[in-house]
Structure formats: structure tokens, C-alpha cells
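need coordinates for the following:
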Amino acid sequence: MKPVSFMNELSGKQIQLHQPFEFHHRHEEPMAGGEFHSHAFYEIYYFHEGKCNYLIGDKIYLLKPGDLILMNGLTLHCPHVEPGVRYVRSITHFDPGFVNRWLQPAASAALLSPFEELRNYRLSLQGSERLEFENIMSDLDRLTSQGATQERRMLRILDMMYFISDLCRNVVNDRDSFSEKERHVQQVITFVERNYMNDLTLEDIADAVHLTKQYLSTLFKEVTGTTVFKYVYSRRINQAKILLWLHPNLSVTEVCYAAGFKHLAHFSRMFKEMVGRTPEDYRSSRCSALT
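Alright, predicted model coming up:
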């Protein structure tokens with residue numbers, strides 16, 4: 001399997017995935033605040049301990065121990081971790097194409113459907129369900145540390161996915177009760193998600209959610225760990241990455257405008273600053289990685 005580049009939540013940098021899956025058990029490395037990222041793989045994220053608000057697309061998840069998040073990796077996401085508090089999580093990245101090669105089409109479709117239909121979804125595990133899932137992860141970690149074969153470890157990954165598939169058969173709406181502050185920030189994120197491709201000013205956003213500009217800026221930073229316009233630009237750059245990767249027929253100029261930028265020079269500068277390479281180089285690297 002040829003290595004494929006993706007943005008790793010653990011490092012925030014472009015790395016090479018040499019295996020069809022990656023597993024990190026009870027990882028505690030601190031996260032830099034306000035770092036948005038995305039990747040071309042599905043993710044199973046489990047929250048063990050800490051205090052974290054997780055922004056995924058246009059939603060905020062206020063995490064509690066036992067929370068399990070399914071992520072379609074192309075969606076822009078960013079954890080905001082309380083400084084000075086332990087942040088313990090387990091993360092699995094996997095290539096859905098590899099699951100298709102391991103299983104018959106019907107079985108593969110059943111395991112991947114929670115990621116493809118729900119796209120980004122939080123399950124709160126308690127009691128025996130939480131214990132069972134943590135036991136699956138501990139067993140996978142033991143096999144990894146013992147140098148078990150890829151086949152044995154993949155069986156545990158599939159067991160993990162069967163567990164998730166069973167839980168998702170009767171999906172219910174997330175009923176978390178947000179505080180007033182968190183509801184305001186959710187409104188901001190939803191508004192940006194619907195309007196990032198248009199001209200936006202802080203006044204536009206503040207008017208849309210019926211807040212003053214100063215209060216909006218302070219509130220958004222407090223809840224998310226980043227600024228309103230860092231989020232806006234991150235959302236636009238993420239859209240540009242998706243367009244560059246999935247639509248090779250579009251010129252860089254067309255991608256610039258479609259993602260919400262009005263000036264090509266500004267777009268190119270922001271893209272290089274946030275991604276570490278020019279839009280042209282990014283597209284070329286993606287194409288070479290997938291061939």
C-alpha cells in the first residue's frame with residue numbers, strides 16, 4: 001500500500017500513513033489551542049479524561065469521559081482543551097477502502113454506514129457498554145505492544161466497528177443542554193458554515209446572532225480557544241483543500257473564489273501560512289499520493 005498523506009490530530013502536521021489503520025491508546029500529549037485540521041480518513045475518537053470542547057464542522061461537542069465520536073475526517077475539526085488539565089484520548093484512524101477489501105460488500109457497508117450516514121456523531125458510553133469498548137481498546141493496545149500481526153490487530157479494529165455499528169442502529173438526537181454562552185457560539189458556527197463563501201465582517205456575524213462585536217469576540221475565544229476570523233479562514237482553507245483534491249478540473253483561481261476568498265494573492269498567502277505549501281503544491285502532492 002502506497003503511503004498517503006493526512007493531517008494527524010496528534011501532531012497537527014502533514015504525515016505519511018504507511019498502514020491501513022493507526023491506533024493511539026490513552027494519548028496524553030498536549031494540544032496547541034485553536035488548531036483546526038482535517039484528513040482523508042475516518043476517525044474513531046474516544047475521550048477518557050480532561051476538559052475539552054470539540055468543534056466538528058458546524059457543531060460543538062462538550063465532552064464527558066466515555067464520549068465516543070465518529071468522524072468523517074474531511075470535516076474541519078478542532079479540540080479546545082482546558083489549559084493545565086490532563087487531556088487523555090484514544091484515537092483510531094482507518095482507511096475505509098481497506099475495510100472494503102477485507103469484507104464482503106454487505107458487511108463492509110454495514111460497518112461504514114455510521115461514518116457515511118451520520119458523518120460526525122457523538123455517542124456517550126456508560127456502564128457495560130463503556131467497559132466493553134474500553135476492553136476492546138486495551139486488547140488492541142496489548143496486541144500492538146506485543147508486535148502482533150496486522151491481521152490480528154485488524155480483527156480488533158473490525159470488532160470495534162461492529163460494536164459501533166450495533167450502537168448506531170437506533171440513533172437518537174443529541175440532547176445535551178447547552179449553556180447560554182455555548183448556544184451563542186453554536187449559532188456563530190452554524191452561521192459561518194452557511195455563509196463562509198460570502199463576504200463576512202464581524203459586524204455581520206454579530207448582527208446575525210444578536211450580540212455586540214466585542215462580546216462576540218470575547219465569548220467565541222473563551223468557548224473555542226480561537227478567534228472568530230481564525231475559524232472563518234480555517235473553514236475557507238479547509239473547503240479549498242477539499243476542492244483542490246476532489247475537483248482537479250477547477251483552477252486555483254476558481255477554488256479561491258468558491259472557498260470565499262476575494263483576492264487570489266490573499267488566498268495563496270493564507271493557504272501557504274496555514275497548510276505549509278502553496279495550493280498548487282498541495283494539489284500535486286495529493287495527486288501523487290493517490291496514484
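
which helices and strands sit right next to the helix or strand hosting Ala109?
Taking DSSP states H and E as the criterion, Ala109 maps to helix 105-113. If you count contacts as 3 or more C-beta pairs under 8 Å, 6 or more residues apart in numbering; DSSP states H and E, helix 105-113 packs onto helix 96-102, helix 150-167. Backbone N, C-alpha and C define where each C-beta goes, glycine included.

those: which one's closest to Tyr46?
helix 150-167 (9.7 Å; C-beta to C-beta).

can you list contacts of that closest one?
19-21, 23, 44, 68, 70, 92, 94, 98-99, 102-103, 110-111, 113-114, 123, 129, 132-133, 136-137, 139-140, 143-144 (C-beta atoms under 8 Å, 6 or more residues apart in numbering).

quick one: the helices in the stretch 151-291 of the chain, in order.
180-195, 202-209, 213-224, 228-246, 252-258, 264-275, 279-289 (DSSP state H, counting those that start in this stretch).

picking up where we left off before, list the contacts of the helix holding Ala109.
For helix 105-113, using C-beta under 8 Å, 6+ apart, the contacting residues are Tyr42, Pro96, Val99, Asn100, Trp102, Leu103, Leu158, Met161, Tyr162, Ile164, Ser165, Cys168.

any idea how far Leu70 is from the spatially most central residue of the chain?
Nearest to the geometric centre of the chain sits His77, at 3.8 Å (C-alpha atoms, centre = their mean). Note on His77: its distance to Leu70, by C-beta to C-beta, to the nearest Å, is 12 Å.

how far does stretch 147-161 sit from its chain's centre?
In terms of C-alpha atoms, centre = their mean, to the nearest Å, the centre of stretch 147-161 is found 23 Å from the chain centre.

out of the helices and strands in the protein, which is least certain?
Confidence across the helices and strands of the chain bottoms out at strand 4-7, with a mean of 36, counting by mean pLDDT, DSSP states H and E.

one step back: overlap in contacts of His77 and Leu70?
Asn120.

number of nearby residues for the closest residue in space to Leu62 that isn't next to it in sequence?
Excluding the flanking residues, the one nearest Leu62 by C-beta to C-beta, 6 or more residues apart in numbering is Asn53, at 5.7 Å. Counted with other C-beta atoms under 10 Å, the burial measure for Asn53 works out to 18 neighbours.

then the one 4 residues further on?
With neighbours defined by other C-beta under 10 Å, the count for Gly57 comes to 18.

ok, Met197 next?
Around Met197 there are 14 residues (other C-beta under 10 Å).

could you do Leu243 as well?
Neighbours of Leu243 (other C-beta under 10 Å): 19.

ditto for Leu216
Neighbour tally, Leu216, other C-beta under 10 Å: 22.

residues contacting the nearest residue to it once chain neighbours are set aside?
Computed as C-beta to C-beta, 6+ apart, the closest residue to Leu216 that is not its neighbour in sequence is Ala206, at 4.7 Å. Listed by C-beta under 8 Å, 6+ apart, the contact set of Ala206 reads Thr212, Lys213, Leu216.

how much space between Glu22 and Glu134?
Taking C-beta to C-beta, one finds Glu22 at 19 Å from Glu134.

with Val275 instead?
35 Å.

do the same with Lys213
45 Å.

again, but for Phe115
Relative to Glu134, and taking C-beta to C-beta, Phe115 is found at 21 Å.

pull out the buried residues from the contacts of helix 150-167.
Buried subset of those (neighbour count, 16 or more other C-beta atoms under 10 Å): 20-21, 23, 44, 68, 70, 92, 94, 98-99, 102-103, 110-111, 114, 123, 129, 133, 136-137, 140, 143.

buried ones in stretch 44-57?
Quick answer for stretch 44-57 (16+ other C-beta under 10 Å): Ile44, Tyr45, Tyr46, Phe47, His48, Gly50, Cys52, Asn53, Tyr54, Leu55, Ile56, Gly57.

one more: stretch 145-156?
Buried, per 16+ other C-beta under 10 Å, within stretch 145-156: Arg153, Met154, Arg156.
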